[in-house]
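Participant: no sequence on this one, just coordinates:
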């Protein structure tokens, strides 16, 4: 019985997501967008409430997760072995934006929602998840410090490129893709500089040993 209820809820959530995101172009990310979707789909209000218990925040999170999953799956299925890392990353960011193209106004509304001070932490988390989906999709296996720096830097690229894309009214979106290439070039320059700095740092004396010798001088000195 429980599995049937879960299946029913999952089906309702999927149907509501598509319609509510379309409604968000007019209603913004508000409870009304979900309520109107439930009404048009003839889904009971209590079931709609269960589908997105956090209201607009859950709706936006579900949309972002769906897009991220689609991008990661397509990148994993694509033959990218002959492309440089920057080209693979650009492919991922472009794919993410293209998947929102049919809902560009809703995407603008989402950005406005996340720009509210109380929603800023959520915006940062969603950007990080998108960056993670792209890096994983192109086969990144980094860990520890590199894992976080790569994703934080790419999250910045995704956010800035998306904001540029909102104002790009060109037919082919080329100004956005040119902007994206420049931003990725900047990030790769930072990564290159960081790698060089790590090489220099690795050759420096251990600072803790140095401090220890200053505080506790050896005998005869």
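Facilitator: Perfect, I can see it now. What you see is a predicted model; the values in this text were computed from it and never measured. Residues are numbered from 1 along each chain as shown.

Participant: which pLDDT value goes with the most centrally placed residue in the chain?
Facilitator: For the chain, the residue nearest the mean C-alpha position is residue 130 (2.1 Å; C-alpha atoms, centre = their mean). Among the per-residue scores, residue 130 shows a pLDDT of 98.

Participant: same deal with residue 4?
Facilitator: In this model, residue 4 carries a pLDDT of 80.

Participant: and it, what helix or strand is that in?
Facilitator: helix 2-27 (DSSP states H and E).

Participant: now do that helix: which elements does it pack against?
Facilitator: helix 31-41, helix 45-51, helix 56-77, helix 104-115 (3 or more C-beta pairs under 8 Å, 6 or more residues apart in numbering; DSSP states H and E). From N, CA and C alone the C-beta is placed, and that goes for glycine too.

Participant: leaving out sequence neighbours, find the closest residue to residue 40.
Facilitator: Nearest residue to residue 40 in three dimensions, chain neighbours excluded: residue 19, at 6.2 Å (C-beta to C-beta, 6 or more residues apart in numbering).

Participant: residue ranges in the chain under the pLDDT threshold?
Facilitator: 1-2, 190-221 (pLDDT under 70).

Participant: who's in contact with residue 166?
Facilitator: Neighbouring residues of residue 166 by C-beta atoms under 8 Å, 6 or more residues apart in numbering: 104, 107, 108, 111.

Participant: ditto for residue 14
Facilitator: Neighbours of residue 14 in contact, by C-beta under 8 Å, 6+ apart: none.
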